[in-house]
Each structure stands twice: as structure tokens, then as C-alpha cells.
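>>> My questions concern the predicted model and sequence given below.
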Amino acid sequence: MRVLQIGCGALGKLIAQATLAQGYALTIVRRSQQSVPDGAAALYLDVVSANGLSALADQAPEILLYCLAPVAGQSYQQTYVDGLRHVLANVDQRALKHVFFISSTSVYGEQQGQWVDDDTPAMPAEENGQTILAAEQLLDGLPCSHTALRVSGIYGPQRLYLLKLLQTPERWPQHIQWTNRIHELDVAGAVVHFYRQIEHALPLPAHIILTDGAPVPQHEVLQWLAQQLQRLGPVTPTTDLQRGKRIRNPFLQQSGYPFLFADYQAGYAAILSKMDHV
């Protein structure tokens, strides 16, 4: 399979490595002049500015992955909508079998602890979610099948938001704040898992939630981390007030993807085991 990947940041690099490990031919488009993983070809183009994108016409990918994230000075509109539009307008689509877009569960507007799954209508409550949903809708005009991969909170060895939050008690939650997450290696693994589905001509829906399917209140995660590190953690909120959403992942589970880290305890245990101190 010939894969064209747009973007090679922290997550993109992991996806690229998993793609190459599967034996696929990979070309990566990135805006910086940094190297790409060994085995991949590189095109150094800025898809947001659209300069020089005629080079994409020489590519004939079977799979296109758009996994760009905003950088300093760049808006969500520029990164997700304008950049994706420029790519779709310039890439050779004749050989395309499927387009994947790394989206976000921010397209779901639920904020009072409601359950969300793949069948929940996307009605974003905030501007960033609305912009990402607008980018998803660009895929509807494609002549091939396509999937928006709606990713929840990503964590990993370099994504330590909750460990930093543990060190700032004034920011500990005062109410039930539902959180949802997926380890970065499972995002990369799931993407390539779906590449294989396309390789074997298996149909995929227009959107799939990528999360571990184990939502948990933020204070519980912080309490568990505090216990592992033998530190003071937050108390359990006494209010019934709930914020956030609880996200299920039915299609991902039914597809047979084997999680590396089934929940936050498995993921953070692996992270903590490799850290000298926090």
C-alpha cells in the first residue's frame, strides 16, 4: 500500500513508524526541514500556505492521512480547514482508496457527564470543535471512502499534563470532571490497524472514535497517581456537579484492535516505570 501522510509531529512520527513496520510505502509531507523516520520519503511543503503544492500531483497514494496540528501563530481554521482543502485540491486522487483525517472528540458538545459514542450526533459547543467538524465535512466531496478519526485526550511519556496538574493543588478539580484518554501508541496502532482494513477491502464508517473506552473522573486519576508517587492528592469532590463527557469506543472495539494500554492505570504505570522522578 502507498501511503501519503501529511504531518510528522510527535503523533505523526509514531504513526509513520507503525506504518513502516507494516511494510507500507510511505511518503511524508512536513513543513519543517527535520528528518523523517528511516524508510520514509519526504516532501518539505507547507500545506497551509499552499506554496509549491503542485508537487503533490506527482503522488499517487492509495491511502492519505492528514494529521496536522496547529503550531504557534497558526489558527485551527488554517491548520485543519485550509490545509486539508489545499491537500485535497492538489493530490492525485485517481488511485485513492481511502482518506483518514485525525479529528477530535471536541466535535461532541456534551459537557454534563453524558455518554457519547460513534452514533452520537456531532454538535460542537466551542469554536475549535466547530472548526474541526468543518474540516471533516470537506471529506464528503471525495470520490473515495473516508474516515475522521475522532481522538480523545492523548497521553504518553512526553504528554504529562496530569502529572504536572498533580503538582499544582490550586488547580485540582472541585467537581466531577469526566476525562477520556488514549495512549499515543494506541492512536498510532489504531491508525495502522485501519490501514490494514482498507488493504483487505473492509468498509469503514465516516467517523470512528479513538479512545480507550474507560472514562474516569479527573480526581480519581490524580488520586491514583498520587498513591503511586507517595504524594498528597486531591480529595473526592462532594458536589453532584458533573462536567465533561464519558466516551465509549464501540466501533474500535468491534474492529478487533488489541489495545496496548487498556486504561489510564496501564498506561501511566508504564510511563512511571521509566521515570526517575516526577
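Yep, it's here. Numbering: from 1, shown residues only.
>>> what about residue 142, how many residues close to it?
Number of residues near residue 142 (other C-beta atoms under 10 Å) recorded here: 14. Just so you know, the C-beta spots here come from the backbone N, C-alpha and C atoms, and that holds for glycine as well.
>>> what's the answer for residue 270, then?
15.
>>> And for residue 230?
6.
>>> With residue 32 instead?
Neighbours of residue 32 under the rule other C-beta under 10 Å: 10.
>>> Who are the contact partners of the closest residue to it other than its chain neighbours?
In this structure, residue 32 finds its nearest non-sequential neighbour in residue 44, 7.6 Å apart by C-beta to C-beta, 6 or more residues apart in numbering. Residues near residue 44 by C-beta atoms under 8 Å, 6 or more residues apart in numbering: 29, 30, 31, 32, 33.
>>> Highest neighbour count among those?
Counting neighbours by other C-beta under 10 Å, residue 29 leads the contacts of residue 44 with 27 neighbours.
>>> Give the bridge partners for that residue, please.
residue 6, residue 43 (DSSP bridges).
>>> Now for it: which residues touch it?
4, 5, 6, 7, 42, 43, 44, 45, 47, 56, 87.
>>> who's the residue nearest the centre of the chain bridged to?
Note on the chain: the residue nearest the mean C-alpha position is residue 151, at 4.0 Å, using C-alpha atoms, centre = their mean. Beta-bridge pairing for residue 151 (DSSP bridges): residue 104, residue 210.
>>> Would you agree residue 116 is in contact with residue 247?
Yes: checked against C-beta atoms under 8 Å, the pair residue 116 and residue 247 is within contact range at 4.8 Å.
>>> who touches both of the two?
By C-beta under 8 Å, 6+ apart, the residues touching both residue 116 and residue 247 are 105, 108, 209.
>>> and of the residues you listed, the nearest to residue 218?
residue 105 (15.5 Å; C-beta to C-beta).
>>> how near is the closest one to residue 234?
Using C-beta to C-beta, to the nearest Å, residue 105 is found at 24 Å from residue 234.
>>> Name the residue most distant from the centre of the chain?
residue 238 (32.9 Å).
>>> most neighbours, which of the shared contacts of residue 116 and residue 247?
Top of the shared contacts of residue 116 and residue 247 by neighbour count (other C-beta under 10 Å): residue 209, with 25 neighbours.
>>> do you know how far that residue is from residue 149?
From residue 209 over to residue 149 (counting by C-beta to C-beta), the distance is 8 Å.
>>> Dump the worst-scoring helix or strand of the chain on mean pLDDT to PDB, restricted to CA.
Sorting the helices and strands of the chain by mean pLDDT, DSSP states H and E puts helix 161-166 at the bottom, at a mean of 94. The C-alpha trace of helix 161-166 is given here as PDB (Å, rounded to 0.1, in the frame of the first residue of the first chain):
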ATOM      1  CA  TYR A 161      -0.400  17.200  31.700                       C
ATOM      2  CA  LEU A 162      -1.900  15.300  34.700                       C
ATOM      3  CA  LEU A 163       1.400  14.700  36.400                       C
ATOM      4  CA  LYS A 164       2.000  18.500  36.200                       C
ATOM      5  CA  LEU A 165      -1.500  19.100  37.400                       C
ATOM      6  CA  LEU A 166      -0.800  16.900  40.500                       C
END
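>>> Can you tell me what sits against it?
Applying C-beta under 8 Å, 6+ apart, the set of residues contacting helix 161-166 from outside is 155, 171-172, 218, 221-222, 225-226, 229, 231, 233, 268, 278.
>>> Reformat those as JSON lines; add neighbour count and secondary structure.
Supplementary listing: the contacts of helix 161-166 in JSON lines, determined by neighbours: other C-beta atoms under 10 Å; DSSP: H, G, I helix; E, B strand; the rest coil:
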{"residue": "155", "neighbour count": "23", "secondary structure": "strand"}
{"residue": "171", "neighbour count": "11", "secondary structure": "helix"}
{"residue": "172", "neighbour count": "17", "secondary structure": "coil"}
{"residue": "218", "neighbour count": "20", "secondary structure": "helix"}
{"residue": "221", "neighbour count": "24", "secondary structure": "helix"}
{"residue": "222", "neighbour count": "21", "secondary structure": "helix"}
{"residue": "225", "neighbour count": "21", "secondary structure": "helix"}
{"residue": "226", "neighbour count": "14", "secondary structure": "helix"}
{"residue": "229", "neighbour count": "16", "secondary structure": "helix"}
{"residue": "231", "neighbour count": "12", "secondary structure": "coil"}
{"residue": "233", "neighbour count": "19", "secondary structure": "coil"}
{"residue": "268", "neighbour count": "21", "secondary structure": "helix"}
{"residue": "278", "neighbour count": "14", "secondary structure": "coil"}
